[in-house]
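Undergrad: Here is a sequence together with a model predicted from it:
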Amino acid sequence: MKGMAKGFAKTLRHLMRPAFTGKYPWEPKVLPPRSRTSFELALDENGVPTCRSCGLCERNCPDGAIHIVSEKNADGRGRTLRRFEIDFGICMFCGLCVENCPFGSIVHTGDFELAMTRREETHVVLYGMGGGGGTDAGASGTAENSQAEDNKDGGRES
């Protein structure tokens with residue numbers, strides 16, 4: 001009985017203190033400047049991504065969440081970015097892509113509200129549209145779209 005009284009007294013003391021939690025949706029939390037949040041490609045003054053398609057971010061991603069589609073320039077110097085994709089479903093937001101980009105082309109946005117209801121929504125195209133010249137399922141959308149095209153006849157084989 002004595003133990004219950006001590007616990008009840010402690011609970012009453014905590015009820016008299018001001019609330020520790022914030023009113024999140026109505027008062028958004030201000031994040032520190034180096035927070036690891038969502039990504040975007042930095043753009044130049046013409047609205048073109050500053051990415052030079054070197055592929056360092058893709059190679060250094062421990063999860064393999066980044067996929068870049070590019071092609072060599074006609075003059076043989078450098079590459080042209082056609083498509084830049086990140087799968088937030090497998091990205092752990094470690095920030096290695098941001099740290100290793102020599103051109104500062106991929107940056108954190110500060111947006112941390114990334115709740116999604118379907119797995120397909122986690123696959124985000126930061127630059128490029130359509131197939132981007134690629135032939136695999138990852139470059140033409142999602143693997144689910146490719147599989148749906150293969151099974152148009154209801155899964156029956158001809």
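TA: Noted; the coordinates are in hand.

Undergrad: which stretches of this protein have low pLDDT?
TA: Applying pLDDT under 70 to the chain flags residues 130-158.

Undergrad: Which residue comes closest to residue 73 once chain neighbours are left out?
TA: With sequence-adjacent residues excluded and distances taken as CB to CB, 6 or more residues apart in numbering, residue 73 is closest to residue 80, at 5.7 Å. (C-beta placed from N, C-alpha, C; glycine too.)

Undergrad: quick one: contacts for that neighbour?
TA: 53, 70, 71, 72, 73 (CB atoms under 8 Å, 6 or more residues apart in numbering).

Undergrad: Which members of these are positioned in strands?
TA: Among those, DSSP state E puts 70, 71, 72 in strands.

Undergrad: how about a markdown table for the residues you listed, with neighbour count and distance to residue 46 added?
TA: Putting these into a markdown table (neighbours: other CB atoms under 10 Å; distance: CB to CB, whole Å) gives the following:
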| residue | neighbour count | distance to residue 46 |
| --- | --- | --- |
| 70 | 21 | 18 |
| 71 | 13 | 20 |
| 72 | 11 | 21 |
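
Undergrad: Show me how far stretch 51-70 is from its chain's centre.
TA: 13 Å (CA atoms, centre = their mean, to the nearest Å).

Undergrad: who's in contact with it?
TA: If you take CB under 8 Å, 6+ apart as the criterion, stretch 51-70 is touched by 41, 78-88, 90-92, 94, 96-98, 100-103, 105-106, 127-128, 132-134, 138-139.

Undergrad: Now residue 10: phi and psi?
TA: The phi/psi pair for residue 10 (degrees, to the nearest 10) reads phi -60, psi -40.

Undergrad: Buried subset of the contacts of stretch 51-70, written for PyMOL?
TA: In PyMOL, a selection of the buried entries from these looks like this (16 or more other CB atoms under 10 Å):
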select buried, resi 41+81+82+83+84+85+86+87+88+91+96+97+98+101+105+106+127+128+132+134+138+139
